[in-house]
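S.K.: Sequence and predicted structure are below.
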Amino acid sequence: MNKLDFITEELEKLKETGLFINIRTIEGPQGAWITVDGKKVLNLCSNNYLGFANEQQLKSSAQKAIETYGVGPAAVRTIAGTTTLHKELERKLALFKGVESTITFQSGFCANLAVIPAIVGEGDVVFSDELNHASIIDGGRLSKAKIVRYGHCNPKDLEAKISEEKNARRRLIITDGVFSMEGDIAPLPEIVKIADEFGAITMVDDAHGEGVLGRGGRGIVDHFNQHGRVDIEVGTMSKAFGVVGGYIAGSKKLTDYLAQKGRPFLFSSAVTAADVAACITAVDTLSASDALVKQLWQNTEFFQEKIKYAGFNIGNTKTPITPIILGDTKVARDFSRMLFED
């Protein structure tokens, strides 16, 4: 018996249950229409909310940055990988988000892996919404803190759970801002109120809120007017901003601390200058005008109205994320295949 035979067995189980992922190949840039495995299809599954992924100004900024800085960072941020562009992006993100400071990472996933273990550890308790993103789950595991899951978007359950953990050294409440599968929005004001009552640290992952919610896409904290009440905001540059990378927004002491303690920041190469330059242009564009965000919501309202009229169940989404809930894995898989083929 080969020592890796268990992998074959696991792959077969995934195929039998309909959970095996067949990875399709995209030919050309992202957009409303894309070419997949040689076939032109309507793209209904990207997170390119504002169309920035193939926007000409972003591409031009990236090209100029390559001429100035080259194609690779050649170092981690703490040695020789921080360029003037990285600092400019962090400054502009802080202004956009309305916080004192930001620090950027290789991805939103890396940002969560950096901040959670840096903030909590053994003797601490993390209170995590039961539908939080995988990066939050993994960050919690790495921290070695006790993980307590509370009911999805259920402040009453959160309050009950947090009141039971009176002996914790530190308590950290973490929620997605917008939940990526269902499209619903976390009850942030209620969560912040509970955090204040129990002296807990509050953290929100705004990956699907920035570029979508708030004034000009400034995110869930702005949407609920909770500026100064959320301790840690996590974001990504790969969705509405259309590029790649992640960041953490908050106080200057928080970002200074993460530059010393955030392991992905310390031990993985910096984001390339080309990507950073494109991110800066995306932030500049959103800072200058809310036209794209308004168009996004007009498109969302039109699409969701028509899809509901056609008889589909889209759940309780409150954002452009529009799930088509079919209730069965095999039916969903077959439906997806038919959409692609037809």
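M.R.: In hand now; what should we look at? Residues are numbered from 1 along each chain as shown.
S.K.: can we go C-alpha only for contacts and neighbour counts from here?
M.R.: OK.
S.K.: secondary structure class for Tyr247?
M.R.: strand (DSSP: H, G, I helix; E, B strand; the rest coil).
S.K.: Could you list the residues in contact with stretch 325-342?
M.R.: With Cα atoms under 8 Å, 6 or more residues apart in numbering as the test, stretch 325-342 has contacts from 18, 41, 312-315.
S.K.: nope, stretch 237-257 is what I was after
M.R.: 47-54, 94, 97, 99-111, 207-208, 210-212, 231-236, 271, 275, 278-279, 282-283.
S.K.: What of stretch 5-24?
M.R.: 36-37, 329-330, 333.
S.K.: Name the residues of the helix or strand where Phe265 lies that are buried.
M.R.: Using DSSP states H and E, Phe265 maps to helix 263-267. By neighbour count on 16 or more other Cα atoms under 10 Å, the buried set for helix 263-267 is 263-266.
S.K.: follow-up on the earlier one: now, which of the contacts of stretch 325-342 sits nearest Leu158?
M.R.: Gly315 (22.9 Å; Cα to Cα).
S.K.: Could you report the distance from the closest one to Asp124?
M.R.: 35 Å (Cα to Cα, to the nearest Å).
S.K.: neighbour-wise, which of these two wins?
M.R.: Counted by other Cα atoms under 10 Å, Gly315 and Asp124 do not tie: Asp124 has more neighbours, with 19 against 14.
S.K.: I'd assumed Val148 was in contact with that one.
M.R.: No - with contact defined as Cα atoms under 8 Å, Asp124 does not reach Val148; the gap is 10.7 Å.
S.K.: Not counting its own residues, what contacts stretch 53-62?
M.R.: 29-31, 52, 241-243, 273-279, 281-282.
S.K.: beta partners for Lys36?
M.R.: No, residue 36 isn't Lys; it's Val. Ile26, Lys39 (DSSP bridges).
S.K.: centroid residue for the protein?
M.R.: Centroid-nearest residue in the chain, with Cα atoms, centre = their mean: Ala207, separated by 2.7 Å.
S.K.: give the contact list for it.
M.R.: Contacts of Ala207 (Cα under 8 Å, 6+ apart): 108, 176-178, 234-236, 239.
S.K.: That one - that's part of a helix, no?
M.R.: No - Ala207 is assigned coil when assessed by three-state DSSP, not a helix.
S.K.: and Val192, what helix or strand is that in?
M.R.: Going by DSSP H and E, Val192 is in helix 188-198.
S.K.: Tell me the confidence at Arg149?
M.R.: You'll see Arg149 listed with a pLDDT of 98.
S.K.: Could you find the closest non-adjacent residue to it?
M.R.: Ser128 (4.8 Å; Cα to Cα, 6 or more residues apart in numbering).
S.K.: Just list whatever residues bridge to Asp129.
M.R.: Tyr150.
S.K.: what residues are up against it?
M.R.: 149-153, 174-176.
S.K.: can you pull out the helices in the protein?
M.R.: Assigned by DSSP state H, the helices in the chain fall at 5-16, 56-69, 84-97, 108-119, 134-143, 155-163, 188-198, 220-223, 252-261, 263-267, 273-288, 291-309, 329-341.
S.K.: for the record, mean pLDDT for stretch 270-279?
M.R.: Computed over stretch 270-279, the average pLDDT equals 98.
S.K.: Next, count neighbours for Leu4.
M.R.: 8.
S.K.: ok, Asp124 - contacts?
M.R.: 145-146, 168-172.
S.K.: What about the residues you listed, which one has the most neighbours?
M.R.: Going by other Cα under 10 Å, Arg171 tops those with 25 neighbours.
S.K.: wait, doesn't that residue sit right on Ala200?
M.R.: Yes - counting by Cα under 8 Å, Arg171 does reach Ala200; the two are 4.9 Å apart.
S.K.: Show me the protein divided up by domain.
M.R.: When the chain is parsed with automatic domain parsing, its domains come out as 1-43, 56-288.
S.K.: Pairing-wise in the sheet, spell out the partners of Thr236.
M.R.: Gly246.
S.K.: neighbours around the nearest residue to Val71 once chain neighbours are set aside, how many?
M.R.: Spatially, and ignoring its direct neighbours in sequence, Val71 is nearest to Thr272 (6.6 Å; Cα to Cα, 6+ apart). By other Cα under 10 Å, 25 other residues sit near Thr272.
S.K.: and Thr272, what does it touch?
M.R.: Taking Cα under 8 Å, 6+ apart, one finds 71-73 in contact with Thr272.
S.K.: and Gly214, what does it touch?
M.R.: 220-224.
S.K.: And for Leu42?
M.R.: Here Leu42 is in contact with 32-34 (criterion: Cα under 8 Å, 6+ apart).
S.K.: What remains of these if I keep only buried residues?
M.R.: Ile34.
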